[in-house]
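# What follows is a predicted structure for the sequence shown.
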Amino acid sequence: MDEHAIEIEILADGTVKARVSGAKGPGCLAYARLLERIVGTLTASEPTAESFEPVPPVQLAPVVEQRRQR
């Protein structure tokens, strides 16, 4: 799984700038909504190329465990 990162910069005037990296597709928007809930109103948003990339499919590997009964 790719690592996701959020870079946050707080400017002298109190403006907060954030950059999300590693999250593809709608995952990037989920981080943006989370940041908006934390810092307040979103005044601008610039999607990165990653936000338009397809989300890789999730692959699950089932674990089967057998136990003997006594």
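Here it is on my side, so go on.

# Output the below-cut-off pLDDT ranges for this protein.
1-2, 58-66, 69-70 (pLDDT under 70).

# show me where it has strands.
For the chain, strands defined by DSSP state E occupy the ranges 5-10, 16-21.

# Return the most buried member of these.
Comparing the strands of the chain by mean neighbour count (mean count of other Cβ atoms under 10 Å), strand 16-21 ranks first with a mean of 15. In short, each C-beta sits where N, CA and C put it, glycine included.

# What strands flank it, and is each parallel or antiparallel?
Partners of strand 16-21 in the sheet, by DSSP bridges, are strand 5-10 (antiparallel).

# re the thing from before, and residue 29, which of the strands of the chain is closest to it?
Proximity to residue 29 (Cβ to Cβ) singles out strand 16-21 among the strands of the chain, at 9.0 Å.

# May I have the closest one as PDB, with CA atoms only?
Provided in PDB are the C-alpha atoms of strand 16-21 (Å, rounded to 0.1, in the frame of the first residue of the first chain):
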ATOM      1  CA  VAL A  16      -3.200  27.200   6.500                       C
ATOM      2  CA  LYS A  17      -1.900  25.600   3.400                       C
ATOM      3  CA  ALA A  18      -1.900  21.800   3.000                       C
ATOM      4  CA  ARG A  19      -0.700  19.400   0.400                       C
ATOM      5  CA  VAL A  20      -1.800  15.800   0.200                       C
ATOM      6  CA  SER A  21       0.400  13.200  -1.500                       C
END
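
# Many thanks, have a good one.
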